[in-house]
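**Student:** Sequence and predicted structure below; questions after.
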Amino acid sequence: MRRLPLVALLALTVVLAGCGGFTVPAEQTPTERATAAQSPAERTVADTEGETAVGAPSAGPLPEDRTRVTVTAVVDGDTIRVRYGNGTEDTVRLVGVDTPEVNAENDPAEFEGIPPTAAGSECLRGAGIDASNFAKRHLLGETVEIAFDPATERRGYYDRLLAYVVVDDRLFNYRLVTTGHARVYDESPFTRKDRFLEAESAAREARLGLWQCVDPDSVDRSTPTATASESGLVVAGIHADAEGNDNENLNGEYVVFANRGDDPISLSGWTVTDGAGHRYTFGDYALAPGERVTLYTGSGSDTQRERYWGASGAVWNNGGDTITVRDAGGTVVLERSY
């Protein structure tokens, strides 16, 4: 398999940005443009949202025989739960890809070039959290299509479906690889393996996503916890893993905020977001010194001590996530990762 040098990859970015396959978006925010100008050592693993490997081939034509489903849960970057139109549900393992684990130890030996050290394993866990958030952002709650590969068994371990996921007329499995969120799982046969392996090679050459873990010490995973306004607001508790199925027990998932300052905090218009961009906005509300408020994911009647997000599905990633609070003007007041 031929690899393009990194210099050549960078030089071809403009030419190939409009070619087939998954490409860099035509419109970029100032933050995205600044990120693209940084070297891999200056980026965090999470900074590769939407950035695709230059030089990768297209994913090929979309599968013709596809079934429409709704994504009800994202287990991790490569496993989702879906509901069919008749109400039945199933678990889908995305064929051809393997994202780093978030709820178990990672073996760096499975990811070419990543050192078999504690730092390599920890870096992969961070990349796994990023992959889960990436999948939540693009799949959770969405109507997508699933399709099978003629060279792959329809079900694998744990009786999970092995399938491609098509969303926005793109093959999401392939997008995970070309953005560096997944390696190619080539232990099993599938017809698009050569395309996937070439895309993985391009992502690895460009040090996208998990491939930054080749040099884990260069990846900055630090998260500021100080408040910009010194408001006194803190995250006093996190319960991300509800009993049973998170999506069926939304109020078993919650975050507790506390005011540890000396003055009341007006939270009116303040927002709470997760790593995938789900947003809750406080209405007319203030938190007195020493008081706590629990923000439940599901629905209920708001009180002084309890607030309800009203989300239709689970918000907080069981394997790790980032809680960000912004004031009414959009300034980050508090950020906490777990």
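**Tutor:** On my side now, so go ahead.
**Student:** Burial check on Ser218, number of neighbours?
**Tutor:** For Ser218, the neighbour count with other CB atoms under 10 Å is 15. (C-beta placed from N, C-alpha, C; glycine too.)
**Student:** any low-confidence regions in the chain?
**Tutor:** For the chain, the stretches with pLDDT under 70 are 1-56, 220-230.
**Student:** Which segments of it make up each domain?
**Tutor:** With domains defined by automatic domain parsing, the chain comprises 21-218, 233-337.
**Student:** now the first one, how far from the centre of its chain.
**Tutor:** Going back to what we said before, that points to domain 21-218. Centroid displacement of domain 21-218 relative to its chain, using CA atoms, centre = their mean, to the nearest Å, is 9 Å.
**Student:** Pull the number of nearby residues for Ser58.
**Tutor:** Ser58: 15 neighbours (other CB under 10 Å).
**Student:** ok, for Val325, nearest residue in space, not its chain neighbours?
**Tutor:** Of all residues not flanking Val325 in the chain, Leu334 sits nearest, at 4.1 Å (CB to CB, 6 or more residues apart in numbering).
**Student:** so which strand or helix has that neighbour?
**Tutor:** Element membership for Leu334, per DSSP states H and E: strand 332-337.
**Student:** so what strands line up beside that strand?
**Tutor:** strand 322-326 (antiparallel) (DSSP bridges).
**Student:** Pull the contacting residues for Val82.
**Tutor:** Val69, Thr70, Val71, Thr72, Glu89, Asp90, Thr91, Val92, Val144, Ile146 (CB atoms under 8 Å, 6 or more residues apart in numbering).
**Student:** ok, back up a step: give me the distance between the residue nearest to Val325 and Thr79.
**Tutor:** 31 Å (CB to CB, to the nearest Å).
**Student:** swap in Asp194?
**Tutor:** 24 Å.
**Student:** When the two are compared, which one has more neighbours?
**Tutor:** Neighbours per residue (other CB under 10 Å) separate Asp194 from Thr79, with Thr79 holding more: 17 against 13.
**Student:** bridging residues for the more buried one?
**Tutor:** Here Thr79, judged by DSSP bridges, has bridge partners Asp76, Arg93.
**Student:** Could I get the phi/psi values of the residue nearest the centre of the chain?
**Tutor:** Residue closest to the average C-alpha location in the chain (CA atoms, centre = their mean): Asn133, at 1.7 Å. Taking degrees, to the nearest 10, you get phi -70, psi -40 for the backbone angles of Asn133.
**Student:** doesn't Asp321 make contact with it?
**Tutor:** Yes: the pair Asn133 / Asp321 is scored as a contact, 7.1 Å apart, by CB atoms under 8 Å.
**Student:** Between these two, which contacts overlap?
**Tutor:** With CB under 8 Å, 6+ apart, Asn133 and Asp321 have common neighbours Asp274, Gly275.
**Student:** shouldn't Gly126 be in contact with Gly209?
**Tutor:** No: taking contacts as CB under 8 Å, Gly126 lies outside contact range of Gly209: 10.4 Å.
**Student:** who's more crowded, those two?
**Tutor:** Gly209 (31 against 22).
**Student:** what's the closest non-adjacent residue to the more buried one?
**Tutor:** Nearest to Gly209 is Gly180, by CB to CB, 6+ apart, at 2.5 Å.
**Student:** so how far is Phe148 from the one you found?
**Tutor:** For Gly180, the distance to Phe148 (CB to CB) stands at 26 Å.
**Student:** out of those two, which sits in the busier spot?
**Tutor:** Each of Gly180 and Phe148 has its neighbours counted (other CB under 10 Å); Gly180 has more, 28 against 18.
**Student:** Next, Ile129: phi, psi?
**Tutor:** Torsion angles, degrees, to the nearest 10, at Ile129: phi -60, psi -40.
**Student:** ok now do it, which residues does it touch?
**Tutor:** By CB under 8 Å, 6+ apart, Ile129 lies in contact with Val102, Gly275, Asn317, Gly319, Gly320, Asp321.
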